[in-house]
Structure formats: C-alpha cells, structure tokens
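S.K.: Just the structure for this:
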Amino acid sequence: MTGVITASEPSWIAPFSGLSPRCFGKLVTALRSEGADAVGRGRPWSLSLEDRVLLVAAYWRTNLTMRQLALLFGISKSAADRIIDHLGPLMSLQPRRRFSKDTVLIVDGTLVPTRDHEVAEQSKNYRYSTNHQVVIDADSRLVVVVGRPLPGNRNDCKAWQLSGAKDAVGRTTVIADGGYRGTGLVIPHRRERGQTELPAWKEEHNASHRKVRARVEHVFARMKGWKILRDCRLKGDGVHHAMRGIARLHNLVLTG
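M.R.: Got it, this is the predicted structure:
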C-alpha cells in the first residue's frame with residue numbers, strides 16, 4: 001500500500017509537522033547522529049527515518065487517530081503505533097544542564113487534557129488533565145526544562161518541586177506568578193494585611209513582572225498549536241514524551 005504523505009515531498013512537511021523543511025532536515029540529522037536510525041534485530045522499519053519523524057510530528061500536530069495516520073503513511077495501525085512508541089522518546093527535548101550567572105528563567109504550569117486516568121486527575125478546567133511545569137529562557141524564549149507530568153489537581157507550588165523542575169534549574173533566578181508563593185521564586189508583590197493598595201513602586205514592579213512573565217504564556221500558545229496537547233490519548237509516559245518532543249520542535253521553530 002502506498003502512502004499519501006512522505007517527507008520526500010517538502011510541501012507535506014510544514015502543514016503536518018509545524019516545521020519548515022530546513023528545520024525538519026536539522027531535526028532528522030540530529031536524530032540520526034543520536035542513533036535513532038541504528039539497525040537493530042528484527043524486521044526493519046517499513047518507512048525511512050525521515051518519514052518516521054514526519055509521522056510522529058504529524059501525530060502530535062494533528063492528533064489524528066492511529067487508523068487515520070496509518071492510512072496516510074501507507075502502513076498498518078500497529079506499525080504506526082510502534083513508530084510513535086520508539087521514536088517519540090528519542091525526539092524529546094533534553095533539559096539544559098548549565099546556566100550562566102546572568103540567566104533569568106520563567107516558569108509556569110499548563111494543563112494538558114489527558115485521557116489516561118492513571119496519570120491525570122480532574123482539574124480546574126473540569127477535565128482529567130496533567131500538570132506540566134515548563135521553564136523557558138526569558139531572553140530567547142526557548143524551553144529549557146519540562147518537568148514530569150503530575151495530576152492536574154496539584155497546584156503549581158507543589159508541582160514545581162515534585163516534577164523535578166526545581167532541581168533542574170538549581171540556583172538560577174526564576175520568575176513565576178503568584179501561584180508559586182513560598183517557593184523562593186521571584187513573584188509579584190502582594191498587599192499585606194490591612195493594605196488597600198500597593199505603593200507606586202511595587203505597582204511598577206508588578207507591571208514589569210507581568211510583561212516579562214507573559215512570554216511563557218506565548219510559548220504555551222505556540223506549543224498548543226500541536227493539537228495533541230489539547231486532548232492527549234497516549235497512555236503512561238506518552239504525554240510526557242509528547243510535551244518534551246513538542247518543546248524541542250518549538251525551539252527548532254524559534255532558532256530556524
């Protein structure tokens with residue numbers, strides 16, 4: 001059976017992966033150097049590495065069912081499932097290990113509706129969701145850390161520590177919203193008991209803080225252009241690999 005979509009035709013790459021052909025080529029080259037195309041035992045893959053990468057990115061981008069995706073690439077449903085299980089973790093973003101002394105980071109949590117109730121809980125959006133702590137570089141807007149997903153009913157100040165994001169950034173300066181009170185992060189000023197309004201200088205600080213912190217919200221908006229983050233059907237660690245993989249694709253889009 002012949003597939004409809006192939007990476008050998010550049011016009012398919014952008015709509016189904018969210019990447020330009022140039023960025024897609026850089027991703028494939030990086031994955032090949034990381035050993036993603038290594039020959040192992042058993043039956044060889046029916047698709048080239050380029051087509052397998054496009055399949056995974058297309059799944060994240062469109063959130064089609066496995067049956068629909070398999071038909072587009074001319075393979076069986078089980079083969080599409082195996083490709084995603086194998087290549088999805090290899091496409092994940094690796095957290096940055098070192099930060100310069102003047103680096104400023106921004107953290108926030110985002111909820112991803114997730115159908116696997118073993119990893120998700122009902123959250124403030126009234127859906128079963130997972131809470132993902134995402135840390136970006138305030139200057140470049142690149143994602144540097146994605147914490148492990150926690151049930152969606154966990155608040156951000158708990159998720160910050162439990163997800164591993166806190167340990168990943170060490171002592172680097174991190175900006176956050178008021179939901180991270182008591183964590184030691186840089187958060188907005190709050191009125192103290194008995195105060196009706198904040199001093200002018202604190203209001204100015206808060207206004208500046210909001211403008212900078214909004215950058216992480218813009219990152220979330222771009223990442224959720226990959227529709228799997230609106231309704232994830234993957235089980236177990238699948239949502240974690242998808243979130244980290246999309247963070248890597250987002251970074252590729254920004255860096256060109």
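S.K.: ok, residues contacting the helix or strand harbouring Glu204?
M.R.: Here Glu204, judged by DSSP states H and E, is contained in helix 200-223. By CB atoms under 8 Å, 6 or more residues apart in numbering, the surrounding residues in contact with helix 200-223 are 106-108, 110, 134, 136, 138, 141, 143, 175-177, 186-189, 198, 229, 246-247, 250, 253. Where you see a C-beta, it was placed from the backbone N, CA and C, and this is true even at glycine.
S.K.: quick one: contacts for Asp156?
M.R.: Going by CB under 8 Å, 6+ apart, Asp156 touches Asp108, Gly109, Asn131, Gln133, Ala176, Asp177, Gly179, Tyr180.
S.K.: Least confident of those?
M.R.: Least confident of the contacts of Asp156 in the model: Gly179, at 90.
S.K.: What's the separation between the closest residue in space to it that isn't next to it in sequence and Ser208?
M.R.: Distance criterion CB to CB, 6 or more residues apart in numbering; nearest residue to Gly179, sequence neighbours excluded, is Asp156 at 4.4 Å. Computed as CB to CB, to the nearest Å, the Asp156 to Ser208 distance reads 21 Å.
S.K.: Next, count neighbours for Asn206.
M.R.: 16 (other CB atoms under 10 Å).
S.K.: From Gly194, how far off is it?
M.R.: Using CB to CB, Asn206 is found at 19 Å from Gly194.
S.K.: tally of neighbours for Glu118?
M.R.: Here the number of neighbours of Glu118 (other CB under 10 Å) works out to 8.
S.K.: Just to be sure, it is in a helix?
M.R.: No: counting by DSSP: H, G, I helix; E, B strand; the rest coil, one finds Glu118 to be coil, located in no helix.
S.K.: just to revisit the earlier point, just the buried ones among the contacts of helix 200-223, please.
M.R.: Neighbour-count burial (16 or more other CB atoms under 10 Å) applied to the contacts of helix 200-223 gives 106-108, 110, 134, 136, 138, 141, 143, 175-177, 186-188, 198, 229, 246-247, 250.
S.K.: Show me these that map onto strands.
M.R.: Secondary structure defined by DSSP state E assigns Ile106, Val107, Asp108, Thr110, Val134, Ile136, Val143, Ile175 of the buried ones among the contacts of helix 200-223 to strands.
S.K.: residues touching the third one, list them.
M.R.: For Asp108, the residues meeting the contact criterion (CB under 8 Å, 6+ apart) are Gln133, Val134, Asp156, Ala176, Asp177, Arg213, Val216, Glu217, Phe220.
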